[in-house]
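**Student:** what follows is a predicted structure for the sequence shown.
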Amino acid sequence: MDILRNLFGSVTSGIIRLAVTAGILFLVYLFLLKPVLDTTNDAFDKAFNSTGLDQIGKTIEGVNKQVQHEVQRSFRQTQRQGGGKTDRLIRCVKRAHGNPKRLQRCARRF
């Protein structure tokens, strides 16, 4: 009987210790960590919206459309002048690998 009492006493005290530790960790998270994380998120949201970083994607899309328009205009002009430079323009565009500055340079050259 004494063995069972010691066994259940040890198990019960272990469970109580575990519950107290979990409670303390939860309270530390709730009162210390969560407010700091919320403040940090708010600061990043304000910084992101105030600097216009959310508009970068739209700007890049606009630049890509502008470059595409310039390349197409160059193709049309090259074909009108006599298609000899068209092949060179195509090779230049392929070598540019989507780099807008290189594409604009190709459009100007050909």
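**Tutor:** Received the coordinates, thanks.
**Student:** can you name the element that comes right after the lowest-mean-pLDDT helix or strand in the chain?
**Tutor:** Taking mean pLDDT, DSSP states H and E as the measure, helix 56-81 is the helix or strand of the chain with the lowest mean score, a mean of 69. Where DSSP states H and E defines the elements, the next helix or strand beyond helix 56-81 is helix 86-96.
**Student:** and that next one, what does it pack onto?
**Tutor:** Where contact means 3 or more Cβ pairs under 8 Å, 6 or more residues apart in numbering; DSSP states H and E, helix 86-96 is packed against helix 56-81, helix 100-109. The C-beta positions use only the backbone N, C-alpha and C, and glycine is treated the same way.
**Student:** what residues sit buried inside that helix?
**Tutor:** For helix 86-96, burial by neighbour count (16 or more other Cβ atoms under 10 Å) applies to L89, C92, V93, A96.
**Student:** my guess is the last one contacts L103. True?
**Tutor:** What it means is A96. Yes: with contacts counted by Cβ atoms under 8 Å, A96 reaches L103, the gap being 4.8 Å.
**Student:** per-domain residue ranges of this protein.
**Tutor:** The chain breaks down by automatic domain parsing into domains covering 1-51, 55-109.
**Student:** quickly, which of those domains bottoms out on average pLDDT?
**Tutor:** Across the domains of the chain, domain 55-109 has the smallest mean pLDDT, namely a mean of 72.
**Student:** which residues sit in contact with the residue lying closest to V71 once chain neighbours are set aside?
**Tutor:** Distances taken as Cβ to Cβ, 6 or more residues apart in numbering put A107 closest to V71, at 5.2 Å, once the chain neighbours are dropped. Going by Cβ atoms under 8 Å, 6 or more residues apart in numbering, A107 touches V67, E70, V71, R73, S74.
**Student:** then stretch 101-110 to CSV, C-alphas only?
**Tutor:** Extracted in CSV, the C-alpha atoms of stretch 101-110 (Å, rounded to 0.1, in the frame of the first residue of the first chain):
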residue,chain,number,x,y,z
LYS,A,101,18.1,48.2,-68.7
ARG,A,102,19.6,45.7,-71.2
LEU,A,103,16.2,45.4,-73.0
GLN,A,104,16.0,49.2,-73.3
ARG,A,105,19.5,49.2,-74.7
CYS,A,106,18.6,46.6,-77.3
ALA,A,107,15.5,48.6,-78.2
ARG,A,108,17.6,51.7,-78.8
ARG,A,109,20.4,49.9,-80.8
PHE,A,110,18.1,48.1,-83.2
